[in-house]
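Chemist: sequence first, then the predicted structure:
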Amino acid sequence: MGPLKVTVLCLILLQTCIITAQENEWKTATATYTKETSGSIITEGACGYGGIHKTLYGKYSTGLSTMLFNRGSSCGACYEVRCVDHILWCLQGSPSVILTTTDFCPPNNGLSSDYGGWCNFPKEHFEMSETAFTDIAERKADIVPIQYRRVNCVRSGGVRFTVSGSSRFYQVLITNVGLDGEVVAVKVKGSRTGWIPMARNWGQNWQCNVNLTGQPLSFEVTTSNGRTLTSYNVAPANWQFGQTYEGKQF
């Protein structure tokens, strides 16, 4: 390898390291928690995870304000969060928790952003489960200052694909995504088709208007860090709506 190629490669690696470091820097935000034991953050959420949400992500989940939710693109992303700069409410030593984005914290424009309208644009806010919140702050706290940063998601098993829809409307919910966690593009392929791009319906539900019945299905999943994972013949030819199938993991 010549000197010029070595120089270019070093510059690329340096730039990558700088970008990664910037993405992992601590940023400031605020956090509250939902007191509902059956609230959407715990049981379902705006990301579409539904009934499987509880077993996959449990109570270490969070809803994000509009600024962070990014119209559902952030669903599945993982954050490390810690309470800071509040001697009364933050637990000693500022312990942190790892959260998975499962819900949307809607704005309340009838209240000011510093009193009740925590999720008003452009506030960066986490609405946590009570379990997660009390790992970093006192339960009686109303709202606390936090620091957060993106981290890799640690998942057990492969990426999961839950199929729904009808013969002319095919939809798949994608869950249990490791590493980046944030899915930005999906393609599906039947045994009698080429690769078909899918559109985001809502949250992590992806759709296409193609009849794929009677064909084994393969999926191509791309996350926000640019990684693409292809799982071939994940669902057999006799796949059924309402069933979940497991592919490879990042």
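Modeler: Yes, it's here.

Chemist: give me the pLDDT value at the residue nearest to the spatial centre of the chain.
Modeler: Nearest residue to the geometric centre of the chain (Cα atoms, centre = their mean): Gly76, 1.6 Å. pLDDT, Gly76: 95.

Chemist: ok, it to Val221 distance?
Modeler: For Gly76, the distance to Val221 (Cβ to Cβ, to the nearest Å) stands at 11 Å. C-beta: built from backbone N, CA, C; applies to glycine.

Chemist: quickly list what's touching both of the two.
Modeler: Taking Cβ atoms under 8 Å, 6 or more residues apart in numbering as the contact rule, Gly76 and Val221 both touch 174, 177, 183.

Chemist: neighbours of the second one, just the number please.
Modeler: The tally of other residues near Val177 (other Cβ atoms under 10 Å) stands at 25.

Chemist: adjust the sequence numbering to begin at 527 for everything that follows.
Modeler: Shifting the count to begin at 527 puts that one at Val703.

Chemist: tell me the contacts of it?
Modeler: Residues in contact with Val703 (Cβ under 8 Å, 6+ apart) are 602, 679, 681, 685, 709, 747, 749, 776.

Chemist: am I right that the third one is in contact with Glu772?
Modeler: Pointing back at Arg681 there. No - using Cβ atoms under 8 Å, Arg681 is not in contact with Glu772; the gap is 11.0 Å.

Chemist: tell me which of these two has more neighbours.
Modeler: More crowded of Arg681 and Glu772, by other Cβ under 10 Å: Arg681, with 21 against 14.

Chemist: number of nearby residues for the residue nearest to that one when sequence neighbours are not counted?
Modeler: Residue nearest to Arg681 in three dimensions, not counting chain neighbours: Gly704, with 4.1 Å by Cβ to Cβ, 6 or more residues apart in numbering. Residues near Gly704, counting by other Cβ under 10 Å, number 20.

Chemist: tell me how far Gly704 lies from Gly773.
Modeler: Gly704 sits 12 Å away from Gly773, taking Cβ to Cβ as the criterion.

Chemist: find residues that contact each of those two.
Modeler: Counting by Cβ under 8 Å, 6+ apart, the residues touching both Gly704 and Gly773 are Val685.

Chemist: okay, now the sheet partners of the host helix or strand of Tyr605, with direction.
Modeler: Per DSSP states H and E: Tyr605 is located in strand 604-609. Applying DSSP bridges, strand 604-609 is found paired with strand 622-630 (antiparallel), strand 670-677 (antiparallel).

Chemist: nearest to Gly768, out of the ones you listed?
Modeler: Nearest to Gly768 among these is strand 622-630; the distance by Cβ to Cβ comes to 20.6 Å.

Chemist: please export the C-alpha coordinates of that closest one as CSV.
Modeler: The C-alpha trace of strand 622-630 is given here as CSV (Å, rounded to 0.1, in the frame of the first residue of the first chain):
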residue,chain,number,x,y,z
SER,A,622,-27.1,5.1,35.3
VAL,A,623,-29.6,2.9,33.6
ILE,A,624,-29.9,1.6,30.0
LEU,A,625,-33.3,2.3,28.4
THR,A,626,-35.0,1.2,25.2
THR,A,627,-37.1,3.7,23.3
THR,A,628,-40.7,2.2,23.1
ASP,A,629,-43.0,5.2,23.2
PHE,A,630,-43.7,8.9,22.3
